[in-house]
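sequence first, then the predicted structure:
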Amino acid sequence: MSQRSLREIVKAMFPAGKGLLAADESTKSSSKRLDPIGVPSTPENRRRFRELYLSAPGVEQYMSGVILVDETLRQTDSLGVPFPKSLADRGIVPGIKVDGGTKDLPGFPEESMTEGLDGLADRLKEYADLGAEFAKWRAVIRIGKDIPSDACIRLNAVSLAIYALRCQEAGIVPMVEPEVLLSGSHTMEVAEQVTTRTLKTVIDTMRLFRVDLSCAVMKTSMIVPGDTSGQVASPDHVAEATARCLRATIPDEMGGVVFLSGGQTSEQATLNLNAIAKLGPYPWPVTFCYARALQYPALEIWAGKDELLPEARTAFLERLKANAAASMGHFG
Ligand code: 13P
């Protein structure tokens, strides 16, 4: 178990001018990343894929934490140092994804529930022993005709609250992620309504279950129009809607707020974050916790070739540096 208190861990996750990397693609999603670059998705290649990012020299200047998966938490870097130790030695907080993925919600077409509460307390204990100091659980909220249903939002909110309680009991900071999907033809106004409704329910439910919000982190989508809506939103417009939604839903005592990139391009994710930060300060620290928007440019350069690692890592560092600046509203 971590020597640090929950409060100290939250503080370490949110130093000014840094953000987090989500490197927690499931084995299936890792294959989706590796297949297109012609790299077979074996445990060793997934380890190399993670190491591309985790061992890039200088990342600690911009990266305060990383979400890993079970497999990576147990793997070592090329020097034989376990990844959680290698990260912690550089002041980067190791995290772990603990949900068991989504399953269809019976009776609610196109909606899902996140599994993984069974045995969670034991798994968290082991993860804490392996060095994890925070954990992530992702619920998925899809926008469409007559969805999301109240049932879907409530069920997922209850799972998030129980997961968060289990984490805090194990000395691990919960990162609570009710992701409102970007896919769909909905407008930005609908995205704002649904995200506001979702975050409100999640916060109310966490309060009901007596989760300590000051030692929990909210991971949310930005307010953007659906990807097939034909609507285009400027960073200022995204920022206004996102700031309004967060201010209406996230209580002052919340430990912090991070954004997922959700399918935005790397450039959009940076520009939008920058505009959001410019509308601060907020009562809580705000920064990025991206997977795709940080990883893609480097992944395409690397293509599994060791000789291209330095160039790929330079591209990754560029994305990190840009987003670190954007988290303070200082990009560009
Ligand atoms: P993206 O930034 O690619 O959306 O991933 C972040 C994440 O952790 C989604 O669960």
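Structure's in. What do you need? Since this is a predicted model, take the numbers as computed values, not measurements.

please name the nearest non-neighbouring residue to Leu130.
Distance criterion Cβ to Cβ, 6 or more residues apart in numbering; nearest residue to Leu130, sequence neighbours excluded, is Leu73 at 5.4 Å. Backbone N, C-alpha and C define where each C-beta goes, glycine included.

any idea how far that neighbour lies from Thr27?
Counting by Cβ to Cβ, to the nearest Å, the gap from Leu73 to Thr27 is 14 Å.

who has more neighbours, these two?
Using other Cβ atoms under 10 Å as the criterion, Leu73 and Thr27 rank with Leu73 on top: 20 against 12.

was I right to think that one contacts Asp129?
No: counting by Cβ atoms under 8 Å, Leu73 sits too far from Asp129 to count as a contact (10.6 Å).

up against the ligand, what does the stretch 201-332 of the chain have?
Residues of the stretch 201-332 of the chain lying near the ligand by Cβ under 6 Å from any ligand atom: Leu260, Ser261, Gly262, Tyr290, Ala291, Arg292, Ala293.

state the phi and psi torsions of the first one.
Right, the one you point to is Leu260. Here is the backbone geometry of Leu260 (degrees, to the nearest 10): phi -90, psi 160.

how about the contacts made by it?
Ala22, Glu177, Glu179, Lys219, Thr220, Ser221, Cys289, Tyr290, Ala291 (Cβ atoms under 8 Å, 6 or more residues apart in numbering).

what do you get for the fifth one?
Listed by Cβ under 8 Å, 6+ apart, the contact set of Ala291 reads Leu21, Ala22, Ala23, Asp24, Glu25, Leu260, Ser261.

in strands, which of those appear?
When the contacts of Ala291 are checked against strands (DSSP state E), the matches are Leu21, Ala22.

report the central residue of the protein.
Cys289 (4.5 Å; Cα atoms, centre = their mean).

quick one on the thing from earlier: which one (most neighbours) among the contacts of Leu260?
Going by other Cβ under 10 Å, Cys289 tops the contacts of Leu260 with 29 neighbours.

quick one: contacts of whichever strand or helix holds that residue?
Per DSSP states H and E, Cys289 falls inside strand 286-290. The contact list for strand 286-290 (Cβ under 8 Å, 6+ apart) reads 14, 18-22, 64-65, 67, 175, 219, 246, 256-261, 269, 273, 276-277, 280, 294, 323, 326-327.

which stretches of this structure form helices?
Per DSSP state H, the chain carries helices over the ranges 6-13, 27-34, 43-54, 70-73, 83-89, 120-129, 150-169, 188-208, 235-249, 266-278, 292-302, 309-326.

which one of those helices lies nearest to Gly101?
Nearest to Gly101, of all the helices of the chain, is helix 27-34, at 8.5 Å by Cβ to Cβ.

packing partners of that closest one?
On a contact count with 3 or more Cβ pairs under 8 Å, 6 or more residues apart in numbering; DSSP states H and E, helix 27-34 meets helix 43-54.

the helix it packs on near the ligand anywhere?
No: using Cβ under 6 Å from any ligand atom, helix 43-54 stays clear of the ligand, coming no nearer than 13.0 Å.

stretch 120-137 now?
No: judged by Cβ under 6 Å from any ligand atom, stretch 120-137 stays clear of the ligand, getting no closer than 6.6 Å.

who in the stretch 1-150 of the chain is up against the ligand?
Ala22, Arg138.

residue in the stretch 1-150 of the chain nearest to the ligand?
Ala22 (3.4 Å; Cβ to the nearest ligand atom).

who's that residue bridged to?
Ile67 (DSSP bridges).

relative to Val232, how far out is Lys136?
30 Å.

please name the residues that touch Gln231.
By Cβ under 8 Å, 6+ apart, the residues touching Gln231 are Thr187, Met188, Pro225.

just among the residues you listed, which is most surrounded?
Pro225 (23 neighbours).

spatially nearest residue to it, not counting backbone neighbours?
Per Cβ to Cβ, 6+ apart, closest to Pro225 is Gln231, 3.7 Å.

Ile162 reaches Leu208, doesn't it?
No: look at Ile162 against Leu208 with Cβ under 8 Å: they stay out of range, at 11.0 Å.

reformat the helices of the chain as a markdown table; add mean pLDDT.
Below are those laid out as a markdown table (pLDDT from 0 to 100):
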| stretch | mean pLDDT |
| --- | --- |
| helix 6-13 | 98 |
| helix 27-34 | 96 |
| helix 43-54 | 98 |
| helix 70-73 | 98 |
| helix 83-89 | 98 |
| helix 120-129 | 98 |
| helix 150-169 | 98 |
| helix 188-208 | 98 |
| helix 235-249 | 98 |
| helix 266-278 | 98 |
| helix 292-302 | 96 |
| helix 309-326 | 98 |
